[in-house]
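In: my questions are about this predicted structure, shown below with the sequence.
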Amino acid sequence: MTYFTKKTVKFDKILPFLILLIVISRIPFLSLGFGYDIDGWVVVNTAYFFNQTGQYIVSRGLGHPLFEFLIAGLLRLNSSEIIPDWILTNSIVLISFLLSVILFYKILKAWKIENPYLLIFTYSFMPVLWRNSTMTDDFLISLMFILLAQYLLINNRFIYSSIALSFACGTRFENSIIILPFILLLWLITKNRRLIISYLLIWGIIIAIFLMPYIANYGTFTYEQYKEVGELKSNFMMYFLKAGYRGIYWFLGIDAAIFLIGGLLLKRLQIKKLSDKILALNPEYIFSFSTVLVFILLFIKFPYKQEYLLPMIPSLFILLNFILGKKNFLIFSLICILNGFIMIPGVEVKFSPEGKIYSEIHAVAKGTLIDDINKRLDLMKAKSFLNENSFPPNSIILWHRYQIAYAYFIRDKILDEGYVVKKGKLLHLDGYYDRKHNIFFINLGRLYFGNAEAFRKTLETHKIYYLPCTVSHIYSEEGIDIMKYNPELIKNIAPNEY
């Protein structure tokens with residue numbers, strides 16, 4: 001029995017206990033709303049609308065149909081609200097993550113990657129995956145299908161692999177770029193052009209079917225729609241800072257990134273060996289390298305969230321495990337996990353009352369998991385504003401993404417008053433008007449008011465309450481400086497994240 005086989009046999013027995021430990025570590029997060037990422041709240045709002053009206057509205061972009069219909073089905077099953085909606089939807093994401101842990105382990109075994117137990121442990125408790133495995137979003141369900149497609153492909157189940165990959169992309173269309181590494185891997189395994197064409201046809205046909213709900217409601221996807229959802233509205237420096245802050249600080253942590261860079265510089269011989277394996281057309285390393293490459297390029301183009309990098313994590317670990325070796329990868333792993341609880345150093349991005357963005361650097365700061373809990377609790381505070389006396393009559397509340405959480409909490413009230421769909425979007429996600437008290441609750445107002453002049457007139461006739469994060473957003477979107485209207489700061493909830 002080889003060294004690798006002995007180790008994996010032992011780990012096979014430990015794996016169920018690891019799964020149990022993952023579940024225990026996630027339980028405290030499941031009841032904290034739909035997550036710090038507001039997209040989860042958007043999906044739930046659109047799913048509730050679909051259940052009540054039978055009309056499909058995309059949550060964002062081209063839609064994420066498999067995930068959107070899954071959430072709609074779960075909400076329908078829980079229509080009597082035996083348990084809070086978010087516990088049910090968050091649990092489905094957690095189950096998909098547990099399946100991805102098992103699939104990743106099977107892939108490591110199939111490819112005979114050394115130190116599989118270490119890679120699986122790091123994958124299970126890396127903070128960016130820890131956070132996302134407990135909130136309602138499509139990232140990890142799509143990743144689970146990607147790993148399933150990869151495992152099936154390695155085991156020569158080509159048709160099933162193509163179907164699984166189409167489900168990954170139907171859950172999250174942005175991940176369709178993964179088709180490039182998959183076709184490359186398929187070619188390395190089979191050298192069969194007809195098989196590759198068949199694989200692409202099956203994948204493409206199923207993807208086209210998943211696009212039907214969007215096409216039926218919105219028609220073909222235009223370049224103008226792409227610009228609205230796919231271009232970052234900021235200058236180059238802001239673009240660069242966002243990419244770095246999200247891609248390094250929130251994905252790894254500064255200390256982990258520094259250790260990684262140092263380790264790579266000291267392991268030039270191993271990098272050379274990896275290059276040789278890639279040039280020798282080694283399937284596992286070519287696939288891993290190409291996967292990391294395409295998702296880094298995608299993130300550079302769209303640095304909105306660190307979660308856009310999640311599909312490359314298994315491949316990244318395979319590469320780093322080879323380059324760094326067991327000891328250094330273990331240190332890297334421990335630093336990453338520690339960053340979920342404490343950051344050394346820490347960077348805190350804040351808003352001044354005037355809406356200016358600034359940062360504070362601390363020797364020690366709260367970790368990303370702790371920060372996640374705080375942000376989720378802040379979003380849940382939107383429920384406290386159901387009290388009719390929270391704001392005086394004749395007010396306008398500018399609170400950006402809190403409006404989307406608030407819309408969920410008043411969903412039955414919105415249903416009774418009648419839904420409004422404007423430009424293919426749910427109007428109440430951008431703004432809600434309390435007619436009884438003449439109070440506007442506004443996200444950004446772009447969709448709700450329709451034009452800057454109507455927005456400006458409302459600001460002139462109402463008392464304004466605001467969060468600092470809305471100042472720059474509204475100015476960039478509408479050219480309106482809300483500080484000219486002497487607004488009052490909302491002090492009992494935190495500004496949205498940078």
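Out: Structure's in. What do you need? Keep in mind that what you see is a predicted model, and the values were worked out from it rather than measured.

In: which strands or helices does the strand or helix carrying Leu330 pack on?
Out: Using DSSP states H and E, Leu330 sits in helix 313-338. Judged by 3 or more Cβ pairs under 8 Å, 6 or more residues apart in numbering; DSSP states H and E, helix 313-338 is in contact with helix 85-110, helix 116-125, helix 127-132, helix 254-266, helix 268-279, helix 283-301. The C-beta positions use only the backbone N, C-alpha and C, and glycine is treated the same way.

In: how far does it sit from its chain's centre?
Out: Relative to its chain's centre, helix 313-338 lies at 22 Å (Cα atoms, centre = their mean, to the nearest Å).

In: can you lay out the helices and strands packed on helix 313-338 as CSV showing mean pLDDT?
Out: Below are the helices and strands packed on helix 313-338 laid out as CSV (pLDDT from 0 to 100):
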stretch, mean pLDDT
helix 85-110, 97
helix 116-125, 96
helix 127-132, 95
helix 254-266, 93
helix 268-279, 93
helix 283-301, 93
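
In: most packed of those?
Out: Highest mean neighbour count among the helices and strands packed on helix 313-338 (mean count of other Cβ atoms under 10 Å): helix 127-132, with a mean of 24.

In: what's it in contact with?
Out: With contact meaning Cβ atoms under 8 Å, 6 or more residues apart in numbering, helix 127-132 is reached by 25-26, 29, 35-36, 93, 97, 123, 139-140, 250-251, 306-307, 310, 313, 336-337, 339-340, 367-369, 372.

In: where in the stretch 301-450 of the chain is pLDDT low?
Out: Where the stretch 301-450 of the chain drops to pLDDT under 70, the residues are 388.

In: can you show me the helices along it?
Out: Remark: helices assigned in the stretch 301-450 of the chain by DSSP state H, counting those that start in this stretch are 313-338, 368-380, 402-409, 411-417, 446-449.

In: packed most tightly, which of the ones you listed would that be?
Out: It is helix 402-409: most buried of the helices of the stretch 301-450 of the chain by mean count of other Cβ under 10 Å, with a mean of 23.

In: next, the angle from that helix to helix 85-110.
Out: 110 degrees (axes from the mean of the first three to the mean of the last three Cα atoms, to 10 degrees).

In: which helices and strands sit right next to helix 402-409?
Out: Applying 3+ Cβ pairs under 8 Å, 6+ apart, we find helix 402-409 packed against helix 38-53, helix 368-380, strand 431-434, strand 439-442.

In: who's in contact with the residue most central in space within the chain?
Out: Nearest residue to the geometric centre of the chain (Cα atoms, centre = their mean): Glu307, 4.3 Å. Neighbour list for Glu307: 37, 128, 132, 137, 139 [criterion: Cβ under 8 Å, 6+ apart].

In: find the nearest non-adjacent residue to Phe11, please.
Out: Residue nearest to Phe11 in three dimensions, not counting chain neighbours: Tyr117, with 4.5 Å by Cβ to Cβ, 6 or more residues apart in numbering.

In: any idea how far Glu284 is from the one you found?
Out: Tyr117 is 18 Å from Glu284, where distance means Cβ to Cβ, to the nearest Å.

In: next one: Leu265
Out: According to Cβ to Cβ, Leu265 and Glu284 sit 24 Å apart.

In: same check on Pro487?
Out: From Pro487 across to Glu284, the span is 56 Å (Cβ to Cβ).

In: now do Arg76
Out: 42 Å.

In: same deal with Lys423?
Out: From Lys423 to Glu284 the distance is 46 Å (Cβ to Cβ).

In: same thing with Lys436?
Out: Distance from Lys436 to Glu284, counting by Cβ to Cβ: 63 Å.

In: and for Ser133?
Out: Relative to Glu284, and taking Cβ to Cβ, Ser133 is found at 25 Å.

In: now swap in Pro84 and tell me
Out: 42 Å.

In: next one: Leu211
Out: 32 Å.

In: equivalent analysis for Tyr218, please.
Out: Tyr218 is 40 Å from Glu284, by Cβ to Cβ.

In: also Leu334?
Out: Counting by Cβ to Cβ, the gap from Leu334 to Glu284 is 25 Å.
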